[in-house]
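In: this one's structure only:
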């Protein structure tokens, strides 16, 4: 059993520590850092956080340093980073608030559902599904594109980001329905408790 201070968990803590840095970029005075540089820095920080997400899981398995604490902390870090990015994008006027509410609301709902299902011994029925992985991929590609917010090499990056974030929102709703459907027998069984 790995302890709480191993390398994978350190990477996860680093991802959490990047959140105020990522948000703080947009509060830098314009005289220090123009809008294009703020967008670039925020994009780089978000991508760095996304890469550490992949590495911490890979390293935990490769180094046999998986732990209950790491399994708890990793999705918390992911959800905090995504929620922070979505809120920033709404504030910047690059994302409709409804899309942010759908994605963040689903994350809260499914996290609560998974916690409850674990308490009743049925966590396997709401394990991560393929549709959830597609949703995550779409949003993790869309968010940096929306943060960057400008064309790149004649590619309309914001347009592609907008399309992908709406795809992510649809997949978000689809995956929420999927998980709720999987949990429905247990929900009905424990309705009177």
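Out: Ah, there it is. These numbers come from a predicted model, not from an experiment.

In: And the next helix or strand past whichever helix or strand residue 85 is part of?
Out: Under the assignment given by DSSP states H and E, the secondary-structure element containing residue 85 is helix 68-91. Downstream of helix 68-91, the first helix or strand assigned by DSSP H and E is helix 97-119.

In: for that following helix, packing partners?
Out: Contacting helix 97-119 under the criterion 3 or more CB pairs under 8 Å, 6 or more residues apart in numbering; DSSP states H and E are the following elements: helix 68-91, helix 157-189. (Glycine included, C-beta is placed from N, CA and C.)

In: So for residue 26, which of the ones you listed sits nearest?
Out: Nearest to residue 26 among the helices and strands packed on helix 97-119 is helix 68-91 (6.3 Å), distances taken as CB to CB.

In: quick one: average pLDDT of the closest one?
Out: Along helix 68-91, the predicted local confidence has a mean pLDDT of 88.

In: for stretch 113-126, same thing?
Out: Mean pLDDT, taken over the full extent of stretch 113-126, equals 72.

In: Then stretch 185-193?
Out: Per-residue pLDDT values across stretch 185-193 average out to 71.

In: any idea of the angle the strand or helix carrying residue 16 forms with helix 68-91?
Out: When elements are defined using DSSP H and E, residue 16 is found to belong to helix 7-24. If you take axes from the mean of the first three to the mean of the last three CA atoms, to 10 degrees, helix 7-24 sits at 20 degrees to helix 68-91.

In: centre of the chain versus helix 7-24, how much separation?
Out: Centroid separation between helix 7-24 and its chain, computed with CA atoms, centre = their mean, to the nearest Å, is 13 Å.
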